[in-house]
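1. I would like the atomic coordinates for the input below:
(2 chains)
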Amino acid sequence: MRIVLTFNLLIWFTGTCLAQQGPAPERALPPPDPATDLASAGGDRQGKAASPAQPPATPPDTDQNGAERQPAQPRIKLPPLSVFSVDLGYGDWGLSGSRSEFRQYATIPTGFFVRDLRYAPLLRTPGSYAFFDAKGLVEDDYRAETRLGWGFGATRAEGYLSLFQFQDPLPNPVDPSTRIVSGFAVKQILSPGFGLTFRYQDDRQQNNYAVPYSNLDQHTRFWNVAATGKWGPGFATLNYSNLYYSDHTGVLPNMMAQNAGLSYLWNVSNAVSLEASYSHLLISQHDAQQSKIDTLALTGDFALGSATDLDIHLQQRNLSLPTVQSAFTRAQSLGTASLSQRWKSWRAQVGVRLQDDDRVNGDQTYVDVPKWSTVEGRISGRLMPDWRLTVKGYTQALFNPPPAITMDPRSLYFNGRNYLQVRLEGGPPDINYYLVYTHQDNRNSARSTEVQTDQYTAGSIWQLSPTLSLFGEYHHEVWSGHTDLDVFPTLSDFLPDSTTGIVELTWNLPHLYLSASYTGFAENNANPLLLQDGNAHGSYLTLSGHYRFPRGYQLGLSISPWAYHDNTTSALDYNAAIIMVTGSARF
Amino acid sequence: MRQGVWRWSMLLLWSVVPGIGLLVACLMAPAAPPKTKAPTFPLNLFAQATDDDFSNEKTCASCHRASVETFARSPHAAFMNDPHSPVDKQGCQACHGPGKPHVAHRKEDEGLYTYVISYNKAKPEEIAAACLRCHNDTLTMTHWKRTAHAHAGVSCTSCHQIHASDRLGKDREGTPSPHKENSGARPSVNELPHSAVFPNAPEPKAMLKADEATLCGQCHRRTIAEFRQHFHHPIPEGRLVCSDCHSVHPNKDDRKQVRTAKQNCVTCHAEVAGPFAFEHDPTSDLNGEGCLECHRPHGSPNPAMLNTFSRGLCIRCHTEEAANHHPGRNCWDSGCHSAIHGSNHDRLLLGR
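-> Numbering: from 1, shown residues only, chains lettered A, B, ... in the order given. Below is the predicted model:
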């Protein structure tokens, strides 16, 4: 019923807007004033003399375009452009403790390494550019990328290749994992407002985990082609994407997902736009029936005034998932409406979102129809010239939550969610302060469950002098929760609080750059099961400096004493004193 | 049953029929003479200009020498002097409007910015309209207005570097931003000497003012703070950038409203895409928050960026399993429910 009413609202507004005046033009260019119009300097185009009561339209000492000659301004002295630059380095970890924890996300280079290699030739062909950059070549982690363009941006291409090595942090470490991502993209503008885009990405993963987790050895290839441009009174987009996944361990079936989409945006008038889109997703798995997802959407944008906009969006999604033998959603209806208003330096937005799902239950004997209703709002603007306030949030309610087929038949869904964020930032010219408060809570009233978090972020950037700046930030999260059972261990025993902080001092002289940065984090976790990663803290200090010689050469040194400690599993602790010496040259 | 049919019939009668009637009435009304609406600022500057209103760049340089001289090193320069482009899409005037009316009115306090597009003075909608004159293959004005950035008053020039002086902090050559005509004005925090939020960030692309974490982090402070948690997506390590997940310029066929979270995640994590014979309902994405039901995508103090530590994640929903159901381990690495994202073999997700 809500969808019907929303659709009717769309019809009413369409008719209303078509019948009314459009928004009044703002800041329209007034007709040219013959007294000051340079085109009629000294008289109009018919050769008649200017009115003697008017001051001469042509000021003295003007150039050929009629501009008054300004006093000569000093030329800007710019350093010579560099075409080629190389950055070499030597690093040592100085590591004691868990190597796998130290390499959790990346592998810092050690020994001699090529930190950066960059080539940006000055091309003679006007409107063209080229750029190549490689970081960490021949190291365990490296990244190379290139960008090309010619025809004044009519053709643009980019390519990239990345190799990452990392390790699952464990007391008894396993082999390092590897991920290789490569791809390229080409965009060709065929005519003003019409372009063709092609993208391709290849992703190979070999992730090694400890028992009982299964290792990943998989390969994903993705490509996408899209054509967008003007067609008749509007814009059309046609796109196709293809994702192919293969699992080399033989556990998961190979899968291909193909998606084709079409959309058309019709600018009915200055005040009304309508867009329709359709997409068809086909999923094919080895030795399984095909799955399909069809999505149809209609969007209307209405300018109700010069500073008021209304957006309405309707979407219907139908899913056919014959492989699924448990609960799944076979249809979804979605409707949103959003009203935004601007006045002076303030902006406000309020919206409503309604969603109905046809959910097939776990033993596929009947269909539930849960309904979500969300109201959201946002307001932002300047409290004072130097201070800005932003408040945003939403509240969501679930009606008709589906029952579960588990031993406990009460619904498993969160039927109430609230979110609120308040941000205040500003300050005098040399200091910028910011304070962010975020609250979020989820409730399941059927099971008397609630999970809540309050997060505080406060920071400041202080320009102590033209060359010296100080940055500090403090972030704290408080989590709490409860269910209907009050037997140890309760939910609240698994909701850790955490704190992170950073202080950074930067001294920026013409040839010398120095910085000292400290980042720390700590967790306050009851950890009743005494598991690893439950209660940890880390401190990371980085002291760095580099000196730039007049010819563009640069020497750098960084010293980074880092420490990580796990209160439960000391085998994951590490201490590192990373030293890096780098030198770069530009040609 | 009869009452339900009657209620639906009345609802349709009293809502749809008047709506259609209004639409028909509007369409059937005597057509007013077509009104040619003048475009609003800044498009009116181009609409009302003739070729004679455009001057050469020496005129610009007579007052704005620094900007003209340094523009050749600006990332936008390679695209601005196509001789095949119309005159209103070449050089300084392609962005700032025809030069001669600006020169003629340059001494007017109130009228100065009526005849020229100043990207320090213009509203975000006006900046977007100016940029999308050329960049309408990226998105249309209609699509831009729908974005959260548009609602927040974030303009194109908030993120993109056009002039060399727009870059945050020093440029790659290590020199400070070139001389700015308005250097006497109070500097914004964007003009203060700046270091990257995360030193290993990849090279900024698409003419961004800085690397994405530094740029986005100017507003999204809490998100950057989350990346400093112990478990995080590897943005601090330079493995990802914000736009790998977030569609800042929604394509005409891809709006954040229609793209579910799971579709975003499975581009890199295809092993959890499914569909599986036995789905874990909230992770199937259409009921609830999908992947975000269990994971915090930016950073978390909990392993695997989970919302909750250990089996607390499961007992948020499966409250009855809190204390008596095989206590002592995580639910998914105790050798039991290892196929937590979905299983092709077991309804209780006991194996992949």
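
2. So for the residue of chain A found nearest chain B, what's the pLDDT?
-> Proximity of chain A to chain B (Cβ to the nearest Cβ) peaks at A:F494, 2.3 Å away. Any C-beta I mention is one placed from the backbone N, CA and C, and that applies to glycine too. pLDDT, A:F494: 93.

3. okay, now B:G335: neighbour count?
-> Neighbourhood size, B:G335 [other Cβ atoms under 10 Å in any protein chain shown]: 12.

4. Kindly apply the preceding question to A:A576 instead.
-> Considering only other Cβ under 10 Å, A:A576 is surrounded by 20 other residues.

5. tell me which element it falls in.
-> Remark: A:A576 resides in strand A:574-586, with elements defined by DSSP states H and E.

6. Direction included, what does that strand pair against?
-> Next to strand A:574-586 in the sheet, as set by DSSP bridges, lie strand A:84-92 (antiparallel), strand A:95-97 (antiparallel), strand A:554-566 (antiparallel).

7. so can I have JSON lines of these showing distance to A:T295 and mean neighbour count?
-> Below are the strands paired with strand A:574-586 laid out as JSON lines (distance: least, Cβ to Cβ, whole Å; neighbours: other Cβ atoms under 10 Å in any protein chain shown):
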{"stretch": "strand A:84-92", "distance to A:T295": "47", "mean neighbour count": "16"}
{"stretch": "strand A:95-97", "distance to A:T295": "50", "mean neighbour count": "15"}
{"stretch": "strand A:554-566", "distance to A:T295": "45", "mean neighbour count": "18"}
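
8. got a pLDDT number for the closest residue to A:S291 other than its chain neighbours?
-> Once flanking residues are discounted, A:S291 sits nearest to A:I283: 4.1 Å by Cβ to Cβ, 6 or more residues apart in numbering or on different chains. We have a pLDDT of 92 for A:I283.

9. Which positions in whichever strand or helix holds A:I283 come out as buried?
-> Assigned by DSSP H and E, A:I283 belongs to strand A:272-285. Within strand A:272-285, the residues that qualify as buried by neighbour count (16 or more other Cβ atoms under 10 Å in any protein chain shown) are A:272-275, A:277, A:279, A:281, A:283, A:285.

10. same thing with stretch A:125-145?
-> Under 16+ other Cβ under 10 Å, the buried positions of stretch A:125-145 are A:127-129, A:131-136, A:139-145.

11. What of stretch A:570-579?
-> A:571-574, A:576, A:578.

12. what pLDDT, on average, does it get?
-> On average, stretch A:570-579 scores 94.

13. residue of the stretch 251-352 of chain B with the smallest distance to chain A?
-> Closest point on the stretch 251-352 of chain B to chain A, by Cβ to the nearest Cβ, is B:G312, at 2.3 Å.

14. Wait, the residue of chain A closest to chain B touches B:L313, no?
-> Yes - taking Cβ atoms under 8 Å as the definition, A:F494 is a contact partner of B:L313 at 7.4 Å.

15. neighbour-wise, which of the two wins?
-> A:F494 (27 against 23).

16. what's that one sitting at in phi/psi?
-> A:F494 adopts backbone torsions of phi -120, psi 20, taken as degrees, to the nearest 10.

17. Surely B:I162 and B:A77 touch.
-> No - using Cβ under 8 Å, B:I162 is not in contact with B:A77; the gap is 9.3 Å.

18. Not counting sequence-adjacent ones, nearest residue to the residue nearest the centre of chain B?
-> Geometric centre of chain B, nearest residue: B:V248, 2.3 Å, by Cα atoms, centre = their mean. Closest residue to B:V248 apart from its sequence neighbours, by Cβ to Cβ, 6+ apart: B:H149 at 7.1 Å.
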